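[1] I'll drop the sequence and a predicted model, then ask my questions.
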Amino acid sequence: HPDLFIQQSERSERSERNIQDQEEIEDDFSPFLQDQQLHDTYGAGSVSDDPLQLEHVVGFGADSPSNLICLPLNEYSIVKGLGHLITIENINDPHDQKFLRAHDMPVNVLAVSPSGELLASGQYGTTRFKGNAAPVFIWSTLTGRRLVALRGITQRVNLLQFSTDEKFLCGCGDDCLLYVWELASGEVVYVQRFTYPVCIMSWITHTMENRRTVYDLALGVGTTLSKGKFYFDQGRVQWTLSLKPYSLPSGGLVRQFASVTASNDFQYLYVGSTGSDLIVYRHDIAVYRALIPVCSNGVRSIAKLSNGDLLCGGGDGTLTKIRGNDLMWEVIQRIQLNGSILSLSLTSSQSEVLAGCSSGAVYRCMTHSLTSQLITTAHTSAITCVKFGSAHNLSEAKNSDDEDRTGYFATGTSSGELRVWDIADYTCLGYYKETKSFSTSSLSGGDGIGNSVQSISLYGANNSHIISGWKDGSVKCHDITLQRMVWSIPQAHRDGVTAIAVCSKLLNLNNNNNNNNNSNNNQRTARGYSSNGRGNNSNNNDGSGVEYMVTGGKDGAIRIW
């Protein structure tokens, strides 16, 4: 009967879906699918019903050279990793951001397939399961769906590379193992252990030999660079990797490798070293050709243009364009950026290149002129305090009274950095860096909220100032742009300031009307002191209605200013 046939088909489809869901859960290293099951089981609703939803992520993983990549499918789409998250976003629209969740440890490396349809992500070794496994996830950049999880690497994934025909993925980790997975099945087709972890790897090209595909690649392990041939051995009925070291000059050449790319005709290989030079090899015959000095502190990243020019990102923060061939090279242009350039990624049209720096800054540079534009910046050390300010003061801070802003917030870090952010477009409005090696422990303000350890707030008319407490015991007040220090208290507390609160209302500490004004524009004096229950209130009171500040120190003391 047709109705019975439809019912049987529906039951069969449901059972297949249940089996597939169960396989996905068993194949998942992350807790997100398990959390979804708990929500459904105990009636807590779906994950999307959580009271807090992630709105935006600022910054990227600046400690990894492969955490910022442009997508070939879209001129303005980029992929970046930060912590456990992966984001796909539009560099022209800060609100266009899609989150990919699956990792339970920080993401260390990203790789995009040549077509731009597939994304691979690797992480640190998980602490939630035995074995310290570091899984690799394959994503669809079109839908944001996770397609498969690849196992094998432990401790940390350092390198991921798609083959030129997108049939294989090569991954290397801290365990000195090299894995090659077949993407169609997710199975491991080749494993090899080396003496040292693989530092660079690149699929060069692929050709057909005896009706089978043969892959040409380059592999760097320690100080040895080898030309590789990955092919299917019919005699052994398995995939095999044969390596041939590149010939070096008679005097020897010892370098640690940091980056690699091939020429457009695949005849030359350009390798960036951790020294100050670019090494040129003849790849087809595996012979060393030249050593080109480019920058200091290492050539950390290389981008190849369609006309053969090379963009080299240096550890000294210089972005250099060089032109030449074989033995003859010359520097065409050079600019200076803030921080070591860890990653370079070209847009699909190659008109622009994105440069990710160790300082947390991301620059947008034109490839023909190397003119740069800072598009985002972020902290690179632990954030210890965050505080929102009033919405209306943002327009005053940016001298734009007609803009409809939603507010701004300030952040402080363990490395002594202060920043003010625009929550409307997530741009940094102000920046201050402490020269001493002390951390910002607290920031506070006029509304009296956040009166706790490592709190942050603002005070003054329209919250136009920021007060910060520091590890060395000082308290500093800056204007909202962080360009001018209004006043400071060098030794507010003996062992560091841990909390600050400011009251904008008039206080009478001793219930009298003595108008002894002991404050000035450059120095603040203590009006009350309390430690271990003992107080010493002064008779100072500002009849003019000035604001009062309360600070708490690591020594247990509370002081009123």
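    Arrived safely.

[2] so which bits of stretch 71-85 are buried?
    71-72, 76-82, 84-85 (16 or more other CB atoms under 10 Å). Where C-beta positions appear, they are placed from N, C-alpha and C, glycine not excepted.

[3] using CSV, list the CA coordinates for it.
    Presented in CSV, the C-alpha positions along stretch 71-85 are these (Å, rounded to 0.1, in the frame of the first residue of the first chain):
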residue,chain,number,x,y,z
LEU,A,71,39.3,33.1,1.1
PRO,A,72,39.7,32.7,-2.7
LEU,A,73,35.9,32.6,-3.2
ASN,A,74,35.3,36.2,-2.0
GLU,A,75,37.5,39.2,-2.4
TYR,A,76,36.8,40.5,1.1
SER,A,77,36.3,37.3,3.1
ILE,A,78,38.9,36.2,5.6
VAL,A,79,39.2,33.3,8.0
LYS,A,80,41.0,33.7,11.3
GLY,A,81,41.4,31.7,14.5
LEU,A,82,41.3,33.0,18.0
GLY,A,83,41.2,30.7,21.0
HIS,A,84,38.8,27.9,20.5
LEU,A,85,36.9,29.7,17.8
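
[4] for residue 107, which non-adjacent residue is closest in space?
    residue 81 (3.7 Å; CB to CB, 6 or more residues apart in numbering).

[5] and the helix or strand hosting that neighbour, what does it pack against?
    For residue 81, the host element (DSSP states H and E) is strand 77-82. On a contact count with 3 or more CB pairs under 8 Å, 6 or more residues apart in numbering; DSSP states H and E, strand 77-82 meets strand 68-70, strand 85-90, strand 107-112.

[6] check the offset of stretch 196-207 from the chain's centre.
    Centroid separation for stretch 196-207 versus its chain: 24 Å, with CA atoms, centre = their mean, to the nearest Å.

[7] give me the residues contacting that stretch.
    158-159, 161-165, 170, 172-176, 178, 213-222, 225, 256-262, 266, 269, 271, 283 (CB atoms under 8 Å, 6 or more residues apart in numbering).

[8] filter the residues you listed down to the buried ones, ChimeraX style.
    Here is the ChimeraX command that selects the buried residues among the contacts of stretch 196-207 (16+ other CB under 10 Å):
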select :158,159,161,162,163,164,170,172,173,174,175,178,213,215,216,217,218,219,220,221,225,257,258,259,260,261,262,269,271,283
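
[9] just the contacts of stretch 196-207: which are in strands?
    Among the contacts of stretch 196-207, the members found in strands (DSSP state E) are 158-159, 161-162, 170, 172-173, 178, 213-221, 225, 257-262, 269, 271.

[10] and the helices in the stretch 51-200 of the chain?
    Secondary structure of the stretch 51-200 of the chain (DSSP state H, counting those that start in this stretch): no helices located.

[11] do you know how far the residue nearest to residue 107 is from residue 158?
    Distance of residue 81 to residue 158, given as CB to CB, to the nearest Å: 14 Å.

[12] got any residues that touch both of those two?
    With CB under 8 Å, 6+ apart as the test, residue 81 and residue 158 both reach 108-109.

[13] could you pull out the strands for the stretch 301-450 of the chain?
    Assigned by DSSP state E, counting those that start in this stretch, the strands in the stretch 301-450 of the chain fall at 310-314, 318-325, 328-336, 341-346, 352-357, 362-366, 372-376, 383-388, 408-413, 417-422, 428-433, 440-444.

[14] tell me the most buried of these?
    strand 440-444 (a mean of 29; mean count of other CB atoms under 10 Å).

[15] same question for that strand, mean pLDDT?
    Regarding strand 440-444, the rounded mean pLDDT is 60.

[16] now swap in stretch 554-561 and tell me
    Stretch 554-561 comes out with an average pLDDT of 88.

[17] before we move on, what about stretch 155-167?
    Throughout stretch 155-167, pLDDT has a mean value of 93.

[18] got it, and stretch 91-110?
    In this model, stretch 91-110 has an average pLDDT of 89.

[19] kindly report the same for stretch 485-497.
    pLDDT averaged over stretch 485-497 gives 86.

[20] buried ones in it, by neighbour count?
    Buried residues in stretch 485-497 (16+ other CB under 10 Å): 487-489, 492-493, 496-497.

[21] among those residues, which are in strands?
    Among the buried residues of stretch 485-497, the ones falling in strands (DSSP E) are 487-489, 497.

[22] next, the buried residues of the lengthiest strand in the chain.
    Looking across the chain with DSSP E, the single longest strand is strand 198-209. With burial defined by 16+ other CB under 10 Å, the residues of strand 198-209 counted as buried are 198-204, 206.

[23] would you turn those into JSON lines with pLDDT and distance to residue 418?
    Supplementary listing: the buried residues of strand 198-209 in JSON lines, determined by pLDDT from 0 to 100; distance: CB to CB, whole Å:
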{"residue": "198", "pLDDT": "93", "distance to residue 418": "40"}
{"residue": "199", "pLDDT": "92", "distance to residue 418": "37"}
{"residue": "200", "pLDDT": "92", "distance to residue 418": "38"}
{"residue": "201", "pLDDT": "93", "distance to residue 418": "41"}
{"residue": "202", "pLDDT": "93", "distance to residue 418": "41"}
{"residue": "203", "pLDDT": "94", "distance to residue 418": "45"}
{"residue": "204", "pLDDT": "94", "distance to residue 418": "47"}
{"residue": "206", "pLDDT": "93", "distance to residue 418": "52"}
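
[24] identify the farthest-apart pair in those.
    199 and 206 (22.9 Å; CB to CB).

[25] re earlier: and of the buried residues of stretch 71-85, the nearest to residue 120?
    Nearest to residue 120 among these, with distances taken as CB to CB, is residue 79, at 10.4 Å.

[26] tell me what that closest one is bridged to.
    With DSSP bridges as the criterion, residue 79 is bridged to residue 69, residue 88.
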